[in-house]
Structure formats: C-alpha cells, structure tokens
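**Student:** Provided below are the primary sequence and the corresponding predicted coordinates.
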Amino acid sequence: MPNTDYTPWYVSPKGKCQLSDFDTEPPTQGQLSGDELAAHLADMGEKLDKLQSTLHAAKTRGLLVVFQGMDTSGKDGVIRSVFTHVSPLGVRAEAFGVPTELESRHDFLWRIHAKAPARGEMVIFNRSHYEDVLVTRVRGVIDEETCQQRYGNILHFESLLHNAGISVLKCYLHISKSEQKKRLQARLDDPRKHWKLQPSDFDDRELWPQFNQAYEDALSATSTPESPWYVVPADSKPYRDSFVAGLIVQTLENMKLKPPKPSFNLSKVKLT
Ligand code: ADP
C-alpha cells in the first residue's frame, strides 16, 4: 500500500467517534489492483517476520494487537492472512469467548492480563477486554455506571502495559450491514461453514444500531496516542489485510528496535 499515513483512520481522542464518518470500502483514490495488494501483503509479511525476530532478541518492548468488530468482520481471516509469514514461534494468538464461571467471578481484566505480552512477545487478541463494554452493555449485563468505570479501568490497564514497554494497537474491523448480510448468507449457503454460525450472530445483527453505538462510545473513550484505535475499512478482504499488515509493521518500526550486543567478544572466536 503506497499510503502509509494511517491518520485518517485513527480515532482521535478529542471528540466523539462517528463510525459513519469512516468508509467500510477502500478509498477509491490510488486503489491498488488485487495483485498489487497481494504483493504488498507478502512484502509486509516478510518485514513483520524480521521485526518480530528483533523484538524477540531485544526483549525491550512487546506488542499487543487487538481485533474487534461485528460478527463476520474478518477477525479470524485477517489474523490468518497477516501472520502467515511470521514464525509460529514468534506470535501468540488468544481468543476470548463468553467468560467461564471462574473468570466471571474475577474482575473483567483478570483473564486478559494473564494473556498480555511480555517484553519480547507479540500477541494477538481475537476479541478482548472490549467485549466487557460492548456485548455486556448492549445485552444489559452491565449498567451505564459500570460501563463508564470500565472505560477508566481499561485506560489504566493499557497505560500500565505502555509503561512496561508494551504497545497496544487496536483495530476495529469496519464492515457495512449489507456486507455482513452477504457473508452470513455465504455461510448459510455453504454446509462446510455452518459450524461457524451461532444464534447470537442473527440476534446481534438485529441489534446493529446498539452495537454501533457501543463501539462508537468505547472507541471514543479509549483511543489514546499510546494505545490507538484504528477503524479499518474491512468490506474488501485483500485491502483489509494489506492495511492491517502495514499498520503493524509501522508500529514495530516506530519502536526503533535494535538487536542486543553480543555477550562475549566475537573477534576471539576461532572456528576449527
Ligand atoms: P467468534 O464469534 O469471534 O468467531 P465465538 O463463536 O467463540 O467466536 O464467540 C465468542 C462469543 O463470546 C461472542 O459472542 C462474544 O460476544 C462472546 N464474548 C466474548 N467475551 C465476552 C464477555 N466478556 N462477556 C460476554 N460475552 C463475551
């Protein structure tokens, strides 16, 4: 992707995020062909692999990438495509479902903190602590006061990670309601994809405006320069993948990582 200025998709901490201000489609100007997007993704994948290797060696910084979005927005797909080139040793993916009985007796960040990256690690969250201010709010499990408290808890938690050298990059995969209809229909039409369908996918679709509102509020309350939210245009899968890969590469490059110096004098090594 020639466009490496991601600011138009950054959720500004000042003011209220309106998702309708963000396109779900790729920008028409400078649009790349399918082949060009695939080449860019491969290029970014290779860079990501090298950067991850330095992240691991340096052990000075860590990266947490959070993926959120409506059902079918492509959380699984983007993870599969973007991290294809990264060594399986170099990345850990964690998915968060409905909390277990034990998890729901703890504070909502307990299970999240346990899976957060250490310095040297890159971790991907497929859903996250944001479910605790999204689905729980829309379904009336928590009240407004609790939700506001949780925004504060999240800000503190992410700032704690930041102070420990862990960057948090948050991607909202933005699809249109009509694109979701196509994707749900494709799953209904393909028996191999029936396992992916849950009754909640159809119930949540009925609550689209409420989820939209919950996302707008959560993104506005928790996007910071240190732990930014980006609204990723996700109707086109190749564009989405290229965009996310480029954004992660840029985040790692900004860390200016350096491999550690050798712990002994290499000039004294004599290979026999
Ligand atoms: P996905 O829908 O991401 O493919 P699953 O089918 O396992 O994955 O669904 C995970 C479900 O768990 C989603 O419906 C999500 O809303 C729910 N979930 C995740 N975290 C929480 C939470 N903290 N509280 C309630 N529900 C949650």
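**Tutor:** Good, I have the coordinates.

**Student:** which phi and psi values does the residue nearest to residue 173 when sequence neighbours are not counted adopt?
**Tutor:** Leaving aside its sequence neighbours, residue 173 sits nearest to residue 69 (Cβ to Cβ, 6 or more residues apart in numbering; 3.4 Å). Backbone N, C-alpha and C define where each C-beta goes, glycine included. Phi and psi for residue 69, reported as degrees, to the nearest 10, are phi 160, psi 170.

**Student:** now swap in residue 169 and tell me
**Tutor:** The phi/psi pair for residue 169 (degrees, to the nearest 10) is phi -110, psi 130.

**Student:** ok, it - contacts?
**Tutor:** Residues near residue 169 by Cβ atoms under 8 Å, 6 or more residues apart in numbering: 63-66, 227-228, 230, 247-248, 251.

**Student:** and these near the ligand, which?
**Tutor:** Among the contacts of residue 169, no residue is within reach of the ligand (Cβ under 6 Å from any ligand atom).

**Student:** out of those, list just those in helices.
**Tutor:** 247-248, 251 (DSSP state H).

**Student:** which of those are buried? Put it as a ChimeraX command.
**Tutor:** Of those, the buried ones go into a single ChimeraX selection, burial set by 16 or more other Cβ atoms under 10 Å:
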select :247,248,251
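
**Student:** pick the one among the ones in helices among the contacts of residue 169 closest to the ligand.
**Tutor:** Nearest to the ligand among the ones in helices among the contacts of residue 169 is residue 248, at 19.8 Å by Cβ to the nearest ligand atom.

**Student:** for that closest one, what are its contacts?
**Tutor:** Contacts of residue 248 by Cβ under 8 Å, 6+ apart are 44, 48, 63, 65, 82, 169.

**Student:** you'd agree residue 118 is up against residue 63?
**Tutor:** No. Using Cβ atoms under 8 Å as the test, residue 118 is too far from residue 63 to be in contact (10.9 Å).

**Student:** which one of the two has more residues nearby?
**Tutor:** Between residue 118 and residue 63, counted using other Cβ atoms under 10 Å, residue 63 has the larger neighbour count: 24 against 11.

**Student:** give me the pLDDT for the more buried one.
**Tutor:** Predicted confidence (pLDDT) for residue 63: 98.

**Student:** again, but for residue 186
**Tutor:** Reading off the model, residue 186 has pLDDT 96.

**Student:** tell me how far the helix or strand where it lies is from the chain's mean position?
**Tutor:** Taking DSSP states H and E as the definition, residue 186 sits inside helix 177-189. Chain-centre distance of helix 177-189: 22 Å, with Cα atoms, centre = their mean, to the nearest Å.

**Student:** just the C-alphas of that helix, formatted as CSV.
**Tutor:** The C-alpha trace of helix 177-189 is given here as CSV (Å, rounded to 0.1, in the frame of the first residue of the first chain):
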residue,chain,number,x,y,z
LYS,A,177,-24.5,-4.1,7.3
SER,A,178,-25.0,-5.1,3.7
GLU,A,179,-21.5,-6.8,3.6
GLN,A,180,-22.4,-8.7,6.8
LYS,A,181,-25.6,-9.9,5.1
LYS,A,182,-23.6,-11.2,2.2
ARG,A,183,-21.1,-13.0,4.5
LEU,A,184,-23.9,-14.5,6.6
GLN,A,185,-25.7,-15.7,3.5
ALA,A,186,-22.5,-17.2,2.2
ARG,A,187,-22.1,-19.2,5.5
LEU,A,188,-25.8,-20.3,5.3
ASP,A,189,-25.2,-21.5,1.7
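
**Student:** what's in contact with it?
**Tutor:** Residues from elsewhere that reach helix 177-189, judged by Cβ under 8 Å, 6+ apart: 24, 70-73, 175, 193-194, 196-197, 201-202, 205, 208, 235.

**Student:** quick check, that helix touching the ligand?
**Tutor:** No. Shown here: helix 177-189 not in contact with the ligand (Cβ under 6 Å from any ligand atom), separated by at least 11.1 Å.

**Student:** can you tell me the distance between the two ends of stretch 164-178?
**Tutor:** Criterion Cα to Cα, to the nearest Å; first-to-last residue distance in stretch 164-178 is 41 Å.

**Student:** for it, give the mean pLDDT please.
**Tutor:** In this model, stretch 164-178 carries a mean pLDDT of 98.
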